[in-house]
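S.K.: build me a model:
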Amino acid sequence: MTDKAARRAKFEGVYEVIRDELIGHFAGEGMPEEAVEWYRNNLNYNVPGGKLNRGMSVVDTVEILKGRALDEDEYFKAAVLGWCIELLQAYFLVADDIMDSSITRRAQPCWYRLPSVGTVAINDSFMLEAAIYRLLKTHFRGQAYYADLLDLFHETTYQTEMGQLVDLITAPEDKVDLSKFSLARHHTIVIYKTAYYSFYLPVACAMLFSNIPSSDEHIYAHAKSILLPLGEYFQIQDDFLDYSATPEVLGKIGTDIVDNKCSWVVNTALLLTSEGGGKEYSAEEKREMRKVLDENYGRKEAGTEAKVKEVYERLGIRQTYEAYEEKVVHAIKAKIAEIVEIEGGLKREVFESFLGKIYRRSK
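M.R.: Below is the predicted model:
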């Protein structure tokens, strides 16, 4: 077993403990066996099985901040926080799949698509979220930072739901209106829908657990000033790879174009075909390319996706992305270099580790 596989297996071992703990509490409330079994199936189907990057990064970050391997109790508690984030992710995904009428998730039917589940999945998503606060109460109620953890999870959930709303009303799959799209709108969606819970939340949890007090607001603000741009960079990478990577490399077929996604790629194309953008093209050429985008983006008919990709190639989106990547990575590295390392404070390695995992990734 590789070191990475061993780390994952150890983290997954904690899931089994907290799952049984949650089910034990649920059964202890006098719930019927049928409901207990339903809850168990909900947890097992929706919580483990993903990449677990968010959850495992809590443990990794705590180890970096403490500068040593964790003892058994420290590891368990850090992993509980990690699984709280995985529960949050599961809550979002179960609900998101219903809103998007999605078919599959993690190579299996979406939970709500199971004939026995249907719209009960709405309540199941609520129960996944509620499990977070049950675990926090059980394992952290006696800690000085307990209220900070509650506040952090509530605030991050609210921020993510804000981003989800903006995304849903900007890019409904069945109603294409590119006039609603812009890089500014994309930035808002990405920061709120993805960056807060995927990048800031795991590190902030680790910081609280490592006794960096929330009253040191400047430390948390500095972490956020790195992690939010990092999260945006990660999502822009995803958007670019959806268009540029082959299915063999990506591991899936990119669908952002046919699904009318408010992607960085289409927003960049819209900017380059606007009056002030794409200086190397004539006004007529830009109007022509914009017309192709308006007529083909978000359409399911054969050949429409290829026409959009032709415009992307003509506009040199690949080169634009490469320039963006180098610029944003340079800015993030500069922010990381500004960290003053002191005992019990932030460590540059936390952020260098995140950046190292995503810089120039291919899938």
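
S.K.: can you pull the contacts of Y75?
M.R.: For Y75, the contact set (CB atoms under 8 Å, 6 or more residues apart in numbering) comprises K10, V59. Glycine gets a C-beta too; all of them are placed from N, C-alpha and C.

S.K.: show me what counts as buried in the one helix or strand it maps to.
M.R.: Secondary structure from DSSP states H and E places Y75 in helix 72-100. Residues 74-98 are the ones in helix 72-100 that count as buried (16 or more other CB atoms under 10 Å).

S.K.: tell me, how many residues neighbour the closest residue to L271 other than its chain neighbours?
M.R.: Nearest non-adjacent residue to L271, counting by CB to CB, 6 or more residues apart in numbering: G277, 4.6 Å away. Per other CB atoms under 10 Å, the neighbour tally for G277 reads 14.

S.K.: so G277 belongs to a helix, correct?
M.R.: No. Using DSSP: H, G, I helix; E, B strand; the rest coil, the assignment for G277 is coil, not a helix.

S.K.: contact partners of the helix or strand where L136 lies?
M.R.: Per DSSP H and E, L136 falls inside helix 120-140. Residues from elsewhere that reach helix 120-140 (CB under 8 Å, 6+ apart): 18, 21-22, 25, 39, 42-43, 46-47, 77, 80, 83-84, 87-88, 90-91, 94-95, 98, 111-112, 117, 146, 149-150, 153, 157.

S.K.: next secondary structure element downstream of the helix holding Y75?
M.R.: Past helix 72-100, the next helix or strand by DSSP H and E is strand 104-105.

S.K.: now the helix holding Y75: how far from the chain's centre is it?
M.R.: Distance of helix 72-100 from its chain centroid, counting by CA atoms, centre = their mean, to the nearest Å, is 11 Å.

S.K.: with stretch 163-177 instead?
M.R.: On CA atoms, centre = their mean, the centre of stretch 163-177 falls 18 Å from that of its chain.

S.K.: what do you get for stretch 33-43?
M.R.: 27 Å.

S.K.: so for that stretch, what gets flagged as buried?
M.R.: Buried residues in stretch 33-43, counted by 16+ other CB under 10 Å: V36, W38, Y39, R40, N42, L43.

S.K.: go on, stretch 168-176?
M.R.: Neighbour-count burial for stretch 168-176 [16+ other CB under 10 Å]: T170, A171, V176.

S.K.: residues contacting L208?
M.R.: Each residue near L208 by CB under 8 Å, 6+ apart is listed here: Y145, D148, L149, L152, S214.
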